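**Student:** Sequence and predicted structure, then a few things I'm wondering about:
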Amino acid sequence: MSQPVNVQRAPASAASSGATLGDLIVQALTRHRSSEAFVAGDRRLTYAQVEGLVSQYTTALARRGVGLGAGVTMLSPNMPESWIVQAATYLLGGRFTGLQALASVEDHIVVCADAEATVLVVTEPLEEHGRHVLAEAGSL
């Protein structure tokens, strides 16, 4: 017989005081502007640089119709842009689904359809694969 779990209320914090995910993203980006946010190989980005990139992606996604409830998918290896596009999507009120870089075109088409995605973001290393997904997925 399993033992009952004693569930205790977490102490009040930004996450439990009505802050949104967007609030937490902005707070994280502005708190330590000169500190490194990402290190990817030889590439290093400060929080201030990431904030600038989030702003650029937010503008680009908004121009493509991303807003409240819009579905965005992203095909990318593990790199800072994966988080940056995700953050930009959330700041616009959208939904984000990351695509596993090693999956097949067919798998990505199914995921895009299931996620009701209207936008696909692809980073350069996977550009050709992304073109195939874009050509076949009707919702994008």
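**Tutor:** Arrived safely, thanks for sending.
**Student:** This protein: strands as residue ranges?
**Tutor:** Secondary structure of the chain (DSSP state E): strands located at 36-40, 43-46, 71-75, 95-99, 117-122.
**Student:** Pick the most deeply packed of these.
**Tutor:** strand 71-75 (a mean of 24; mean count of other Cβ atoms under 10 Å). For every residue, glycine as well, the C-beta is placed using N, CA and C.
**Student:** from the chain's centre, how far out does that one sit?
**Tutor:** A distance of 8 Å separates the centroid of the chain from that of strand 71-75, by Cα atoms, centre = their mean, to the nearest Å.
**Student:** Please apply the same query to stretch 104-120.
**Tutor:** 15 Å.
**Student:** Let me know the pLDDT of the spatially most central residue of the chain.
**Tutor:** When the chain is reduced to its mean C-alpha position, the closest residue under Cα atoms, centre = their mean turns out to be Gln86, at 1.3 Å. For Gln86, the model assigns a pLDDT of 97.
**Student:** Do I have it right that it meets Gly98?
**Tutor:** Yes: the criterion here is Cβ atoms under 8 Å, and Gln86 meets it with Gly98 at 7.2 Å.
**Student:** anything in contact with each of these two?
**Tutor:** The overlap between the contact sets of Gln86 and Gly98 (Cβ atoms under 8 Å, 6 or more residues apart in numbering) consists of Met74.
**Student:** Check which helices and strands the longest helix seen in the chain sits against.
**Tutor:** Of all the elements of type helix in the chain, the one with the most residues (DSSP state H) is helix 47-63. Applying 3 or more Cβ pairs under 8 Å, 6 or more residues apart in numbering; DSSP states H and E, one finds that helix 47-63 makes contact with helix 21-31, strand 36-40, helix 80-91.
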